[in-house]
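In: mind looking at a prediction? Sequence and model below.
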Amino acid sequence: MSAQQTLARKQSASALTVAIIVDESAFAALREPWNALVARAGENSVFYLHEWFLAAWAWRKQNAQLFVLCAYSGSILCGILPLIVEQGIEGAVRVQRLELLTVPDTQLCDLIAAPEQASEVAQAFAAELGRQSKRWDVMQLHYLSEATLAGGVLLQALTKQGFPHETRDGGRNLLIPLDATWTEYYSTRGRSLKKANNLAANRLKKAGEIRVEWIEPGSGEAASVEHALATVIEVSRRSWKQETGRSLDRPGPQAFIRTLTQLAHARGWLSLWLIYINDQALAMEYQLVYEGKVHALRADFDAGCIEISPGSYLFRHLLEAMCGRGLKRYYMGPGENAYKTRWSEDGDSMHSVYVYGKSLRGRFAWLNESVLKPRARSLRDKFSVLRRKAAAPAANPKSDSEPAGE
């Protein structure tokens, strides 16, 4: 590994060597040792694999730099903290921000280490982040589950290094069990959901001929996958997400989805759903299927046909098709909107960790987020109560026992 491929390579007190990968070619070359470590760590999530991070980097490289921490015991990779660094704003101050290498489609992220070395790796990384403290002001670790190492041993190690931090709720990643039959599962759903599904099906049938296409994991020739992906991107272009800047026709998201599709199809993880009305694609869902878990990454529909609900029809259809096929769980993605909660009450809890650096800007960011903003919210709430009381009508001076008209 050359000096150009790493920002630093230092010997820590724990005898682990820490390297910071900043070069794209060095990052790409990590695939085999990275995935071998994921296997040793016992992690069975597609979101820990090198392929996922390589696709995420295809998007994030538009405005960020690599800052991937790697811990070695001799020549063996034994720990990874997949970070990037970019310019950000905290309050009114521009800061250097470290983040986990994630995209809006990420469902889980963490420090990766074998269980028996997790504490030692975390201490080595915390020490290195302390040595690099002039290079960052704030570190944000999103998409953490309750059992993640980043929210456990790493946070403990960073606390010992004197870094202030806070943990925030990240909602849940709602899930649907797939090991039951469709009839068994659907019988647990509410009457209003079933009625809405029936109405959506009736509206769609009146609109024209319905055709659902599914490229299953491990199937599809390269040409058919490319054609389906082009259709997926086109549906996303016509969706409401166009307004968010995250639709798949945009440069960053498109680089991500094309890279991911190539890698996932080669590994047998890719699952694509499309629904056509009179041969026009109106809705799609992009999934990864890994170790029996189905992860819905994208579900878009043509914003011009919201009244006939093609997305609702497709979702019910694909969910029924996936029940009883030996799969375990269907993950709907982080966030709890009303539509998701009609389909499931179960989910994995998520949280985010914010760590503040020792620079002046890092200290200000901590002061702003942990002290000034909470106090401002408290004062706002108090004034709101006082305004409501002042605006309330005066009480009737007569008692309830006095006869009307007296």
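Out: Thanks, I have it.
In: distance of residue 50 relative to residue 315?
Out: Residue 50 is 31 Å from residue 315, where distance means C-beta to C-beta, to the nearest Å. C-beta: built from backbone N, CA, C; applies to glycine.
In: could you confirm residue 212 falls within a strand?
Out: Yes - assessed with DSSP: H, G, I helix; E, B strand; the rest coil, residue 212 lies in a strand.
In: given the strand ranked longest in the chain, what are its sheet partners and their directions?
Out: Counting residues, the longest strand in the chain under DSSP state E turns out to be strand 165-177. As defined by DSSP bridges, the strand partners of strand 165-177 come to strand 329-334 (antiparallel), strand 347-356 (antiparallel).
In: would you tell me which of the ones you listed gets closest to residue 172?
Out: Proximity to residue 172 (C-beta to C-beta) singles out strand 347-356 among those, at 3.5 Å.
In: low-confidence stretches in the protein?
Out: 1-14, 90-92, 360, 362-386, 392-406 (pLDDT under 70).
In: helices of that one, start to end?
Out: For the chain, the helices defined by DSSP state H occupy 24-28, 31-40, 50-60, 118-131, 155-160, 182-186, 191-207, 222-237, 251-267, 310-322, 338-343, 360-367, 373-391.
In: okay, those helices in JSON lines with mean neighbour count and distance to residue 73 next?
Out: JSON lines is the format used below for the helices of the chain (neighbours: other C-beta atoms under 10 Å; distance: least, C-beta to C-beta, whole Å):
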{"stretch": "helix 24-28", "mean neighbour count": "15", "distance to residue 73": "19"}
{"stretch": "helix 31-40", "mean neighbour count": "16", "distance to residue 73": "11"}
{"stretch": "helix 50-60", "mean neighbour count": "23", "distance to residue 73": "19"}
{"stretch": "helix 118-131", "mean neighbour count": "22", "distance to residue 73": "9"}
{"stretch": "helix 155-160", "mean neighbour count": "18", "distance to residue 73": "17"}
{"stretch": "helix 182-186", "mean neighbour count": "15", "distance to residue 73": "46"}
{"stretch": "helix 191-207", "mean neighbour count": "14", "distance to residue 73": "52"}
{"stretch": "helix 222-237", "mean neighbour count": "17", "distance to residue 73": "40"}
{"stretch": "helix 251-267", "mean neighbour count": "19", "distance to residue 73": "28"}
{"stretch": "helix 310-322", "mean neighbour count": "20", "distance to residue 73": "41"}
{"stretch": "helix 338-343", "mean neighbour count": "14", "distance to residue 73": "42"}
{"stretch": "helix 360-367", "mean neighbour count": "18", "distance to residue 73": "31"}
{"stretch": "helix 373-391", "mean neighbour count": "10", "distance to residue 73": "42"}
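In: could I get those as a markdown table with distance to residue 299?
Out: A markdown table is the format used below for these (distance: least, C-beta to C-beta, whole Å):
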| stretch | distance to residue 299 |
| --- | --- |
| helix 24-28 | 30 |
| helix 31-40 | 27 |
| helix 50-60 | 18 |
| helix 118-131 | 35 |
| helix 155-160 | 33 |
| helix 182-186 | 19 |
| helix 191-207 | 14 |
| helix 222-237 | 10 |
| helix 251-267 | 13 |
| helix 310-322 | 6 |
| helix 338-343 | 10 |
| helix 360-367 | 35 |
| helix 373-391 | 34 |
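In: tell me which of these lies nearest to residue 141.
Out: helix 155-160 (8.5 Å).
In: can you give the contact residues for the closest one?
Out: With contacts defined as C-beta atoms under 8 Å, 6 or more residues apart in numbering, helix 155-160 is touched by 119, 122-123, 125-127, 129, 165, 167, 353, 355.
In: isn't residue 332 up against residue 107?
Out: No - applying C-beta atoms under 8 Å, one finds residue 332 not in contact with residue 107, separated by 9.3 Å.
In: can you list residues touching both of these two?
Out: Joint contacts of residue 332 and residue 107 (C-beta under 8 Å, 6+ apart) are residue 173.
In: who's in contact with residue 163?
Out: 126, 129-130, 355-358.
In: farthest pair within those residues?
Out: Longest distance between any two of the contacts of residue 163 is 13.9 Å, between 126 and 356; criterion C-beta to C-beta.
In: from residue 348, how far out is residue 129?
Out: Counting by C-beta to C-beta, the gap from residue 129 to residue 348 is 27 Å.
In: with residue 102 instead?
Out: 16 Å.
In: okay, those two: which has more neighbours?
Out: Taking neighbours as other C-beta atoms under 10 Å, residue 102 and residue 348 compare with residue 102 leading, 22 against 16.
In: surely that one touches residue 142?
Out: Yes - counting by C-beta under 8 Å, residue 102 touches residue 142, with 5.8 Å between them.
In: need the overlap of contacts for these two.
Out: residue 109.
In: which residues touch the residue nearest to the spatial centre of the chain?
Out: In the chain, the residue lying closest to the centroid (C-alpha atoms, centre = their mean) is residue 106, at 3.0 Å. If you count contacts by C-beta under 8 Å, 6+ apart, residue 106 has them with 47, 56, 142-143.
In: between the residues you listed, which sits nearest residue 340?
Out: residue 143 (16.8 Å).
In: residues contacting that closest one?
Out: Contacts of residue 143 (C-beta under 8 Å, 6+ apart): 47, 100, 102, 106-109, 170, 334, 350, 352.
In: just put the residues you listed in a markdown table and tack on distance to residue 286.
Out: Formatted as a markdown table, the contacts of residue 143 follow (distance: C-beta to C-beta, whole Å):
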| residue | distance to residue 286 |
| --- | --- |
| 47 | 15 |
| 100 | 22 |
| 102 | 17 |
| 106 | 14 |
| 107 | 13 |
| 108 | 17 |
| 109 | 19 |
| 170 | 22 |
| 334 | 16 |
| 350 | 21 |
| 352 | 24 |
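In: wait, residue 170 sits on residue 347?
Out: No - Residue 170 lies out of contact with residue 347 (C-beta under 8 Å); the separation is 11.2 Å.
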